[in-house]
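> model this:
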Amino acid sequence: MNTNVNKRKKKKKKRINKFARFLICYSAVLAAAMVVCWIVLYGFIKDYEEGRPSSQMDKIISYFTADNVENLLNESGVKVNEFETNEQIAGYLEGKLGNETVTYRKKSREYSESTPVYVVYAGDTPIAKVSLVQNGKNSHNFTKWKMGSISFDDYSDKSNNNTITISAPSDSKVMINGIEVGDSYIKESGKEFSPCTHVGDYVEKPLRTVYEISGLVAQPQVEAELSGVNLEIVNENNTYTAEYPSDDAMLAEMQDDITSIARNYGKYIINRGSLSSLTSRMVGYANEYISDIPAVWAFLYGKTYTYEFNNENISNFRKYSDDCFSCDVYYDLYVDWKDGNKTYNTSVTYTFVKTDGEWYVADFIIN
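Prediction:
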């Protein structure tokens with residue numbers, strides 16, 4: 001009797017042990033399968049996230065800080081333009097970023113799934129445009145992305161579509177931030193300019209070259225050099241003008257002659273000088289132009305009067321060559337006829353040319 005009971009207990013214990021082993025094996029297989037599934041799912045999600053352009057943008061804007069933006073530009077391999085280094089651009093961006101929160105938005109009318117384009121903001125201020133390009137596929141065949149370009153065209157300190165214009169003497173060398181501006185940026189060459197429009201019959205006419213450069217980020221340093229002389233640069237609304245050089249020695253040599261011709265004009269106007277004396281030092285356009293200027297002396301006819309030149313000044317002396325220069329002349333011509341007086345505030349621009357070894361006025365502008 002006891003023998004049968006023991007046999008039944010042994011069989012029951014054997015069945016439990018088999019079921020336990022089965023359960024353990026099943027659990028182990030199930031756990032392994034779940035681990036595999038989680039790994040596969042994690043890899044899928046990871047690859048999916050990597051395939052979203054916004055994920056790459058999250059990484060990019062994490063570098064849009066004052067400390068890291070230069071590294072971002074360097075590591076991206078993107079060169080914004082040939083005249084500005086990444087260090088210069090980073091310096092500009094540091095001022096924009098400050099402590100602002102950096103965000104991004106899709107660029108309207110430019111964004112697409114195949115060509116993602118975003119605008120980067122520092123606070124509420126747009127500071128850059130970033131375009132992404134495809135960078136291969138990941139293991140789940142999702143597109144990987146990297147920065148393709150970064151542009152500041154619409155988000156810099158300057159207006160006029162971020163374009164600057166430079167007008168310089170045709171034989172000069174023009175530089176932006178120390179880098180010479182090449183011929184590919186020439187908008188117009190051989191451009192005539194005042195006050196040298198009417199000198200071509202006597203000397204080689206001075207001409208200008210006009211350059212147009214776009215895509216600059218920060219305010220540029222524009223320089224120009226002519227025959228080894230650094231030229232004065234004047235900027236007005238992003239139009240930079242490189243002035244021809246002055247020449248103190250030539251001015252000193254010609255000062256008395258310039259003053260004499262200027263006074264002859266004033267004396268002619270008040271009927272104290274002759275037209276023939278005035279035009280004897282003029283050629284071409286200046287000669288014709290001065291002859292058509294009406295004198296103001298008619299109202300003084302029959303009166304006795306005196307006159308004097310006050311506040312005489314020669315300025316803006318520009319040397320175009322050894323045979324051509326221009327200057328501005330100013331004086332106050334005071335006329336007194338005892339029972340009344342008048343002061344003529346006179347400002348003229350003369351352009352002189354040397355022909356047959358003598359200096360003559362070839363262009364004449366009343367300012």
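> contact partners for residue 240?
Applying C-beta atoms under 8 Å, 6 or more residues apart in numbering, one finds that residue 240 lies in contact with 164-167, 222, 233-234. C-beta here means a position set from N, CA and C on the backbone, and glycine is covered the same way.
> show me the shaky parts of the stretch 201-350 of the chain.
294-300 (pLDDT under 70).
> how about the helices in it?
With DSSP state H, counting those that start in this stretch as the criterion, the stretch 201-350 of the chain has helices at 248-269, 275-279, 284-291.
> could you list the buried residues of the second one?
Taking 16 or more other C-beta atoms under 10 Å as the neighbour-count basis, helix 275-279 is seen to contain the buried residues 278-279.
> contact partners of it?
Counting by C-beta under 8 Å, 6+ apart, residues outside helix 275-279 touching it are 261, 264-265, 268, 287, 290-291.
> Throw together a PyMOL command that grabs the buried residues out of the contacts of residue 240.
Buried members of the contacts of residue 240 can be picked out in PyMOL with the line below, counting by 16+ other C-beta under 10 Å:
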select buried, resi 164+165+166+167+222+233
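> and the contacts of residue 240 as TSV, adding distance to residue 74?
Below are the contacts of residue 240 laid out as TSV (distance: C-beta to C-beta, whole Å):
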residue	distance to residue 74
164	26
165	31
166	29
167	35
222	26
233	31
234	35
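> looking at the contacts of residue 240, spot the one nearest residue 54.
residue 164 (34.8 Å; C-beta to C-beta).
> could you pull out the strands in the stretch 1-150 of the chain for me?
102-106, 117-122, 125-137, 143-151 (DSSP state E, counting those that start in this stretch).
> mind exporting the C-alpha coordinates of the shortest one to PDB?
The C-alpha trace of strand 102-106 is given here as PDB (Å, rounded to 0.1, in the frame of the first residue of the first chain):
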ATOM      1  CA  VAL A 102      17.500  80.200 -29.300                       C
ATOM      2  CA  THR A 103      14.700  78.600 -31.300                       C
ATOM      3  CA  TYR A 104      13.900  77.700 -34.900                       C
ATOM      4  CA  ARG A 105      10.900  77.600 -37.200                       C
ATOM      5  CA  LYS A 106      10.300  76.300 -40.700                       C
END
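> can the helices of the stretch 201-350 of the chain go into CSV with extra columns for distance to residue 95?
Output for these, formatted as CSV (distance: least, C-beta to C-beta, whole Å):
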stretch, distance to residue 95
helix 248-269, 40
helix 275-279, 57
helix 284-291, 51
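> low-confidence stretches in the stretch 51-200 of the chain?
In the stretch 51-200 of the chain (pLDDT under 70), the answer is 51, 77-78, 138-140, 152-162.
> contact partners for the residue nearest to residue 90 when sequence neighbours are not counted?
Among residues not flanking residue 90 along the chain, residue 70 sits closest, at 3.6 Å (C-beta to C-beta, 6 or more residues apart in numbering). Contact analysis of residue 70 by C-beta under 8 Å, 6+ apart lists 86-87, 90.
> switch the cut-off to 10 Å
63, 85-91, 93-94 (C-beta atoms under 10 Å, 6 or more residues apart in numbering).
> show me which of those is closest to residue 242.
For the contacts of residue 70, the nearest to residue 242 is residue 88 (21.7 Å; C-beta to C-beta).
> that closest one contacts residue 220, doesn't it?
Yes. Residue 88 is within contact range of residue 220, at 9.3 Å (criterion: C-beta atoms under 10 Å).
> give me the more crowded residue out of the two.
Neighbours were tallied for residue 88 and for residue 220 using other C-beta atoms under 10 Å; the higher tally belongs to residue 220 (21 against 18).
> which residues of the stretch 51-200 of the chain fall in helices?
Under DSSP H, counting those that start in this stretch, the stretch 51-200 of the chain gives helices at 53-61, 69-76, 86-97.
> could you dump these to a markdown table with distance to residue 134?
Output for those, formatted as a markdown table (distance: least, C-beta to C-beta, whole Å):
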| stretch | distance to residue 134 |
| --- | --- |
| helix 53-61 | 10 |
| helix 69-76 | 15 |
| helix 86-97 | 24 |
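> returning to that earlier point: most tightly packed of the strands of the stretch 1-150 of the chain?
strand 117-122 (a mean of 21; mean count of other C-beta atoms under 10 Å).
> off-centre distance for that one?
Centroid displacement of strand 117-122 relative to its chain, using C-alpha atoms, centre = their mean, to the nearest Å, is 21 Å.
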